[in-house]
Every structure is written in C-alpha cells, then in structure tokens.
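Colleague: Pasting the sequence and the predicted coordinates here, then a few questions.
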Amino acid sequence: MYLRVSLTDRCNLRCVYCLPEHAQFASTRATSGELRRLMALVWAAAKVRKIRLTGGEPTLCDDLPEFVAHARSLVDVVGLTTNGVLLEPMLPQLKVAGLSRLNISLDALDAESFRRFARRDGLDRVVSSIRAARRYGFAPLKINAVAMPDTDYAALVRFAAWEGVHVRFIELMAIGEAKAFQARAHVAADEMRRRIFDAGISLSERTDRDEATARVWSIDNHDVGECSVGFITTVSQPFCATCDRLRLSSQGRLFTCLMDNSGHDLLTPLRAGDEEQVKALVVAAVAGKRPPATFVRHENMASIGG
Ligand code: SAM
C-alpha cells in the first residue's frame with residue numbers, strides 16, 4: 001500500500017480550488033509523536049511500501065525532517081508534496097533525513113496568474129525552490145498543476161522541459177472549495193493535450209508509467225530525458241481499480257479513498273493505549289477499501305492530504 005500522511009491541515013496559500021480565504025483550521029490535531037506512532041502502526045498493519053508526506057502545507061511543520069527520517073526508517077521511498085514557498089532553506093536537512101521524491105505544486109508562471117490561483121504571492125520562491133531541489137539532486141522532481149480553464153498548459157510544459165523536471169496536470173476534483181464550480185471548470189486530459197498540441201508541442205505517450213495514476217508522455221523532438229508530461233485523470237478516467245492509497249490525516253483519521261467522507265478514527269484507541277485495536281481498525285479499513293459511490297468530498301483537500 002501507499003500511505004499519504006497529512007502533517008497539518010494549515011496552509012500558507014489559499015488556492016481557489018482548495019481553501020477559502022478565511023479558512024477555518026482544526027482546533028485539535030494529533031501530536032507529532034502520535035502521528036509518527038500512527039504512521040508506524042498503519043505501516044505494520046497495511047504492509048505500506050511507500051510514504052508521502054503532505055498537508056495542508058508540510059513545510060509549516062518545524063519537525064518535518066524528523067517525519068522524513070521516521071518515514072525513511074519504515075520504507076525506502078519517502079516523498080513530499082509541497083507548495084514550495086518555504087522549501088528552499090529546508091532542502092539540505094530533508095536530503096540528509098532521507099527524502100527521496102519531491103513534488104512541488106505550481107499552477108502558473110507569471111506573478112499575476114500565480115496570485116490569482118493561490119491568492120498569495122510566492123512565485124519567485126517556488127521557482128527558486130525547484131531550481132535548488134534540482135541542484136541538490138532530488139530526482140524524480142515533479143511539478144503538479146491543477147487543471148483549470150485558464151491554466152497555461154503549454155507554458156508549464158515548456159518550463160518543465162527547460163528546467164529538466166516532470167510535470168503532472170491534475171484534473172480538478174469536486175473537493176472542498178472546488179465543489180461549487182468543478183462541473184463547469186473541469187478540463188479533461190484530452191482537452192489539455194489538445195491545447196498543448198495547438199501551442200506547437202507534440203507529445204507521444206510512453207509505455208511506462210511512474211504510478212498507476214499517471215499516463216506519461218514525452219515531448220517529441222526534444223532531447224529532454226528528464227522531462228515527462230503526465231495527466232492525473234481522476235475524473236475523466238478514474239483509476240480506482242489500481243488505487244492502493246491510504247491517507248492518514250493530521251487528526252489521526254485513516255481514509256481509504258479521497259472521496260471517503262468519514263474515515264476511521266485511529267487516535268482515540270491510540271490515546272487509550274490500545275495499539276492492537278489501531279492495527280485491527282487498519283486491517284478492516286483496508287479490507288473494506290472500495291471505489292466511491294460519488295466523486296464528491298465535502299471537506300477540503302488540505303484536511304485529508306492531497
Ligand atoms: N500544500 C501542498 C501542495 O500545495 O502541494 C500539499 C497539499 S495540497 C492539498 C496537495 C495537492 O492537492 C496539490 O497539488 C493541490 O494542488 C491539489 N488539490 C487541492 N485541491 C484540489 C482539487 N479540488 N482538485 C484537484 N487537486 C486539488
């Protein structure tokens with residue numbers, strides 16, 4: 001299984017498809033120690049082979065390197081998903097702690113569009129973090145962009161090719177803030193490829209996939225071995241049949257699907273000292289993992305860990 005852990009539901013950006021401007025964050029959360037213990041129990045009970053740390057914004061956690069080192073003591077592949085604004089100064093410590101994979105969210109390449117999507121400034125710092133991450137040898141290094149009607153797909157592909165990183169376009173999901181407009185704003189992967197082609201970039205699908213969730217394409221006539229273009233087609237072509245993801249929230253709840261609106265409380269039995277009960281709940285949750293009845297999540301993505 002692949003475990004994604006939301007270290008905090010707080011975030012320093014307010015991306016229009018994710019969080020409201022006046023977001024209310026949870027008043028309580030598992031402590032760092034409790035979250036690390038829950039990670040280890042989920043790992044043991046669900047045979048986890050890969051862990052990704054996410055949020056909210058994980059770089060807001062002072063003890064992020066300790067989380068990386070702890071995850072690395074459990075599995076070989078530890079990834080981080082971040083908006084990159086605060087990342088650059090942390091990179092050396094994260095490298096030493098054993099971080100192996102890095103995904104940096106970036107929706108636009110000019111300051112005004114960045115601010116329109118994120119409702120905050122920060123483009124220069126994100127780009128600087130991407131370049132620093134390359135220098136520190138993080139590979140594969142991916143940028144994630146949520147697909148919106150006014151996304152400049154071709155510009156992001158050109159940027160990825162130029163910087164020697166991979167780009168993944170994520171179809172907009174009816175989660176949190178995006179519930180209100182997802183139906184009219186959703187852009188399917190076929191349409192994204194058409195727009196990229198119309199801008200003069202020809203793509204060819206590769207036979208390999210880096211994950212079950214992303215079909216991967218190369219840019220024709222470009223000698224850019226490090227760049228690939230992927231599309232996370234959660235909406236236009238759901239991949240539930242091959243999904244092996246579990247999500248642990250910063251409130252200590254386990255979710256077997258992004259669209260699981262209730263989850264399983266692991267924190268209460270942990271606080272009661274009943275670790276066997278925690279593991280039993282994890283085993284039962286994994287056995288009951290099913291595709292969702294509807295592709296709607298009421299809480300925002302930051303609360304579950306995207
Ligand atoms: N703060 C980190 C970041 O920005 O990468 C990690 C958490 S963020 C919730 C994880 C991913 O979820 C990001 O790539 C974000 O763009 C994506 N996301 C949030 N809301 C979404 C939605 N409604 N549909 C699709 N992707 C979404």
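Modeller: Sure, I can see it.
Colleague: Could you use CA atoms for every contact and neighbour count after this?
Modeller: Will do.
Colleague: What values do phi and psi take at the nearest residue to Phe181 once chain neighbours are set aside?
Modeller: Closest residue to Phe181 apart from its sequence neighbours, by CA to CA, 6 or more residues apart in numbering: Ala174 at 7.9 Å. Backbone dihedrals for Ala174, given as degrees, to the nearest 10, come out at phi -80, psi 70.
Colleague: One more: Arg4?
Modeller: Per degrees, to the nearest 10, the backbone of Arg4 is at phi -110, psi 130.
Colleague: Quickly note the distance from Asn103 to the ligand.
Modeller: Relative to the ligand, Asn103 is positioned 7 Å away (criterion: CA to the nearest ligand atom, to the nearest Å).
Colleague: Arg297 too?
Modeller: Here Arg297 is placed at a distance of 9 Å from the ligand (CA to the nearest ligand atom).
Colleague: What of Ala185?
Modeller: 11 Å.
Colleague: Glu171 versus that residue, what's the distance?
Modeller: 10 Å (CA to CA, to the nearest Å).
Colleague: again, but for Cys18
Modeller: Distance, Cys18 to Glu171, using CA to CA: 13 Å.
Colleague: Asp150 now?
Modeller: Shown here: Asp150 relative to Glu171, a distance of 13 Å by CA to CA.
Colleague: Break down this protein into its helices, ranges please.
Modeller: 32-46, 64-74, 91-97, 111-118, 123-135, 153-163, 182-185, 189-198, 267-271, 275-287, 301-304 (DSSP state H).
Colleague: ok, Ser100 - contacts?
Modeller: Val77, Val78, Gly79, Phe138, Ala139 (CA atoms under 8 Å, 6 or more residues apart in numbering).
Colleague: Isn't the third one up against Leu64?
Modeller: Looking back up the chat, that one is Gly79. No: the pair formed by Gly79 and Leu64 falls short of the contact definition of CA atoms under 8 Å, at 11.9 Å.
Colleague: Show me which residues of the stretch 151-300 of the chain are close to the ligand?
Modeller: Ile170, Glu171, Leu172, Met173, Ala174, Ile175, Ala178 (CA under 6 Å from any ligand atom).
Colleague: Could you rerun that using 8 Å?
Modeller: Proximity of the stretch 151-300 of the chain to the ligand (CA under 8 Å from any ligand atom) is limited to residues Ile170, Glu171, Leu172, Met173, Ala174, Ile175, Gly176, Glu177, Ala178, Lys179, Gln182, Asn300.
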